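In: dropping a prediction and its sequence here:
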Amino acid sequence: SLQNETYRNRTQLFPEQLSVGNASLRLKQVRGEDEGWYTCANETYRNRTQLFPEQLSVGNASLRLKQVRGEDEGWYTCAVTNQVESTQGDVRLIVAAPYSEPQLAIGLPRPGDHVTLTVRVAGGYPRPTLL
C-alpha cells in the first residue's frame, strides 16, 4: 500500500537471493518515463557510509563503513559501469574486536567435591568459546 502508484505491479524482488546479499529489484513493463537515476538504500547502513568525493576524479570510489557491527560481516561486491565498460570486485569483511585478558578463578573445594573453574572475559567479537 506504500508503493508509489507509478511502479505498482511492475516490480519484483528475489527473496531466495536476499540471504546471499542480492537485493536486486526488477522493473517490468519499462516505459520511457522510467528513464533516470535510481538509488538503492538499505536502512542497515544509513548514516554509516561515506564516499570520498575529492577522490572520484582520480578513480577512487572507495566507500567507508563506519560503526562496524558483527552483522556487517560478509562479502561485498562493488560494481562500476559506464558507457564503455563494466567491472566488479569482491571484498570480504571480517569483523573482530579485542577481548580483555581472561581472568581465571579456581574454587577450592573440600576433599571429594568438584573443582570449580570460572573464566571471565569482556568485550571482543566474535563471541569467545572455552576449550
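Out: Alright, I've got the coordinates.

In: measure the residue nearest to the spatial centre of the chain to Pro15 for me?
Out: By C-alpha atoms, centre = their mean, the chain has its centre lying nearest to Asp72, at 3.2 Å. From Asp72 over to Pro15 the distance is 21 Å, taken as C-beta to C-beta, to the nearest Å. C-beta: built from backbone N, CA, C; applies to glycine.

In: and for Tyr76?
Out: Note on Tyr76: its distance to Pro15, by C-beta to C-beta, is 20 Å.

In: contacts for the helix or strand bottoming out on mean pLDDT in the chain?
Out: Across the helices and strands of the chain, mean pLDDT, DSSP states H and E gives its lowest value to helix 15-18, namely a mean of 80. For helix 15-18, the external contacting residues (C-beta atoms under 8 Å, 6 or more residues apart in numbering) are 23-24.

In: Tyr76 and Pro15: who's more crowded?
Out: Neighbour totals were compared for Tyr76 and Pro15, and Tyr76 leads with 13 against 7 (other C-beta atoms under 10 Å).
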